[in-house]
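> return atomic coordinates for the entry below.
(4 chains)
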Protein chains: 4
Amino acid sequence: MVKVTVWNEYRHERESESIRAVYPEGIHSQIASFLKEAGLDVKTATLDEPEHGLTEEVLNNTDVLIWWGHKAHKEVSDEIVDRVHQRVLQGMGLVVLHSGHMSKIFMKLMGTSCDLKWREAGEKERLWVMNPSHPIAEGIGEYIELEHEEMYGTHFDVPAPDELIFVGWFEGGNVFPSGSTYRRGSGKIFYFQPGHESYPTYYHPDIQRVIVNGVRWCEPTSRAYPVYGSSQELEPIKREVLQ
Amino acid sequence: MVKVTVWNEYRHERESESIRAVYPEGIHSQIASFLKEAGLDVKTATLDEPEHGLTEEVLNNTDVLIWWGHKAHKEVSDEIVDRVHQRVLQGMGLVVLHSGHMSKIFMKLMGTSCDLKWREAGEKERLWVMNPSHPIAEGIGEYIELEHEEMYGTHFDVPAPDELIFVGWFEGGNVFPSGSTYRRGSGKIFYFQPGHESYPTYYHPDIQRVIVNGVRWCEPTSRAYPVYGSSQELEPIKREVLQ
Amino acid sequence: MVKVTVWNEYRHERESESIRAVYPEGIHSQIASFLKEAGLDVKTATLDEPEHGLTEEVLNNTDVLIWWGHKAHKEVSDEIVDRVHQRVLQGMGLVVLHSGHMSKIFMKLMGTSCDLKWREAGEKERLWVMNPSHPIAEGIGEYIELEHEEMYGTHFDVPAPDELIFVGWFEGGNVFPSGSTYRRGSGKIFYFQPGHESYPTYYHPDIQRVIVNGVRWCEPTSRAYPVYGSSQELEPIKREVLQ
Amino acid sequence: MVKVTVWNEYRHERESESIRAVYPEGIHSQIASFLKEAGLDVKTATLDEPEHGLTEEVLNNTDVLIWWGHKAHKEVSDEIVDRVHQRVLQGMGLVVLHSGHMSKIFMKLMGTSCDLKWREAGEKERLWVMNPSHPIAEGIGEYIELEHEEMYGTHFDVPAPDELIFVGWFEGGNVFPSGSTYRRGSGKIFYFQPGHESYPTYYHPDIQRVIVNGVRWCEPTSRAYPVYGSSQELEPIKREVLQ
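Predicted structure coming up:
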């Protein structure tokens, strides 16, 4: 059974009554809830726990980590970011949601500013499937419609994704590469744009389906970890040369 | 005219007589020399100059930066690395050569360990063209043969390249993705594997040709720098909602 | 100087008065006109000429072919399609415009149905730049706005492009991968979606700029054409075995 | 359970005693045998059966088709090729092995000549994993070594793959993109180079493992088939214009 850890900053829900009305137990609890229903082994972790809830032991027992953060990216300690980074390179999957695009861990993995355009106007978004044979789109129709979502608009300063799964159409005139995959080291990464804290996005069955699909796609692939460094020859070398 | 700055660590050539015999004026001088012959506007910079020779003024007057480093990656200051990183995201081209794969700037841009297998055995390498219509392969035949090169072997822990131009065959039994392009922010990056300090690789006409082609491919594209942040709607939004 | 041949079906403009009002000399003449202003060496060819104007001699003297067709795709002879196909694989560039997505030559190069959604409602399109450092986007701002264009909507049944340059936002709620590059054989291909016959799209300066950039990007790369077939060994083989 | 049909030309094994010695029941039977052991639902089909064994009914009951052909590509009827092509675009997976690179179906899907260099010298091949987190490499070490294989050498005239999983090193000095994935329509395609008829390649446990992994990766993704053609607007359009 895939072991998932859902990490959430968990500040908005405690500080704002209107956000708490949408996610009374926090965004992480709502995400954990539909992942459990899908048969996954789910734990949660939050910023204000010791080591942000991401101890060596927790990470060593995580196949796929989900990341939701927004206003407190800078409070995540560099040590923990390095620890998560190492685990991704070693094969742990990572699903980065919405405003997690500016998290330290995503920026470190992408190597770019990860900046974008945004607008909080409660506008309509329609997420179009661009890659109909991809397992992350499994069970989804031609598009997902969200009555209200924060606009995230191109240009999104990330590397060209390995695979582009969704493109978002926004009522206010923008588009966005809303679902993308990346491989870094031995780890797989899925970025998925929807999920502003003030809208009930994570209650939408298609959004849940995509996140479950994304977790399954990010599962580690078991094989020998690549060996680096000085390496003996596998075939004879004609060493006529060299001082 | 494209303005190129060739950056070199410039330690091997000063510390080792046998290396100095190959590159008496330093690797940077040899690279600068054939770039000048190709009609480019070339300057050089080295590690032990103030600010490693990469002042704000130098970088602001650089279209494409070439990077060669090996044994002193850690001596490059983080401040200068951040400066170069910013310039790449803003559009400056970057050509990373050989052991530059473990430079701080390349690792920061890739987001991975950039580790690989290596062997210093003076073995033969044959660089096969994988993308015959790519301008970086312009004028090159089916392959380039190097009598003696350090082996760099897969797995190379970098993101899948946007374009794979060369694959290296090594006498000792290994292969390597030897020429690759990446786009990061508004900047273009070309990584090219050959060029160990103890072999006369940068005197080889085809290697020179590839580096000149790479510099031209990395030239900045002139257009408005993308605008990020809060953004007004371009089309009317039906604002029925929102608390 | 890059030698361009602009191919047009040239039926709409002769059969419909309203289309002729937009392109009195045909779409090919309007495209040829701005390509000439950009300093290119331009010829035209149309469906009803002998061999559709694409004789061996014409194609052998073409660096980049532009293709506009719509209602008479089936009237293009298979023999000429094979001839163009061969030339693309040998290195000739190909720019496919708008409804050319269902031309025999594009379908043959893509290997898929090339089908899509469409709607002729004169709606607004906004073409967003997705790849700001790409030379095809040179000189373009963040987006191009067209007051009226035919909607082309995803899903577009083509292979994932090598590079995605533009995504189109349509007023009626759709998105489209509007500018894409592909390499096939030694040839480069650029598909660009705008250009319905009933709107003055090819008079728009930014659209013209993109097509000129696309032609330059598609220029053949001069190098030895790859050699195929039976091949002698380059290194000794230990032939202990076999027969 | 995934339904696999293994298609084989089945001529070499009947016409040549030495080939028959390697694959007494035909290559298809050997492949079917290890796929069954892996728990797949496997049938076979061969060239000389009616409709080459690929009736509408067979294809409609096939999730993934495996293709091995060599000397009789031209005897495969265009009608059957079109039928297989349609099924791939609708979602059937396709695993193309070795000399299947010049089959009509692979060429039609790629849109290129699919030509390459070859040499039948019984030389050693070492298949290096280039994408360690890919499920097709699951359970494989850093490389697979084959004592004797036909050389297939770059340049391989196919589109740049969506994912490059293996690169082959050949004793005689060549390299080859030996394992590649492509998506076409709603179908997934995996090309895998090893498997010359005169060597016991399909008895090698790692080769078997890769083919089983490839079949699983190619499984159809269940979702609504994309809708093409004329399409109503999803959002109101300001229709001031036109006619």
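> can you verify A:S198 is assigned to a strand?
No. Counting by DSSP: H, G, I helix; E, B strand; the rest coil, A:S198 is located in no strand; its state is coil.
> phi and psi next, for the closest residue to it other than its chain neighbours.
Leaving aside its chain neighbours, A:S198 sits nearest to A:I19 (6.0 Å; criterion: C-beta to C-beta, 6 or more residues apart in numbering or on different chains). Where you see a C-beta, it was placed from the backbone N, CA and C, and this is true even at glycine. As for A:I19, its main-chain torsions (degrees, to the nearest 10) stand at phi -70, psi -40.
> so A:I19 touches A:H196, yeah?
No. Applying C-beta atoms under 8 Å, one finds A:I19 not in contact with A:H196, separated by 9.8 Å.
> more neighbours, the two?
Counted by other C-beta atoms under 10 Å in any protein chain shown, A:I19 and A:H196 do not tie: A:H196 has more neighbours, with 22 against 19.
> so how far is chain C from the more buried one?
Shown here: A:H196 relative to chain C, a distance of 20 Å by C-beta to the nearest C-beta, to the nearest Å.
> is the residue lying closest to that residue once chain neighbours are set aside within a helix or a strand, and which one?
Nearest residue to A:H196 in three dimensions, chain neighbours excluded: A:E150, at 3.9 Å (C-beta to C-beta, 6+ apart). Element membership for A:E150, per DSSP states H and E: strand A:143-153.
> which elements pack onto that strand?
On a contact count with 3 or more C-beta pairs under 8 Å, 6 or more residues apart in numbering or on different chains; DSSP states H and E, strand A:143-153 meets strand A:117-129, strand A:163-170, strand A:175-184, helix A:205-218.
> want to throw those into TSV with mean neighbour count?
As requested, the helices and strands packed on strand A:143-153 are exported to TSV (neighbours: other C-beta atoms under 10 Å in any protein chain shown):
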stretch	mean neighbour count
strand A:117-129	22
strand A:163-170	26
strand A:175-184	24
helix A:205-218	21
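> out of the ones you listed, which is closest to C:W169?
Proximity to C:W169 (C-beta to C-beta) singles out strand A:175-184 among the helices and strands packed on strand A:143-153, at 4.9 Å.
> report the mean confidence score over the closest one.
For strand A:175-184, mean pLDDT rounds to 98.
> how about exporting that strand as CSV, limited to the C-alpha atoms?
Taking C-alpha atoms only, strand A:175-184 is exported to CSV below (Å, rounded to 0.1, in the frame of the first residue of the first chain):
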residue,chain,number,x,y,z
VAL,A,175,-4.1,30.4,-19.5
PHE,A,176,-1.9,28.3,-17.3
PRO,A,177,0.0,25.0,-17.5
SER,A,178,-2.0,23.6,-14.7
GLY,A,179,-0.9,20.0,-14.5
SER,A,180,2.7,19.0,-15.2
THR,A,181,5.1,16.2,-14.5
TYR,A,182,8.9,16.3,-13.8
ARG,A,183,11.5,13.7,-13.0
ARG,A,184,14.3,14.7,-10.7
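> tell me which strands the helix or strand following it pairs with, and in which orientation.
Going down the chain from strand A:175-184, the next helix or strand is strand A:187-192, by DSSP H and E. Strand A:187-192 pairs in its sheet with strand A:93-97 (parallel), strand A:175-184 (antiparallel), by DSSP bridges.
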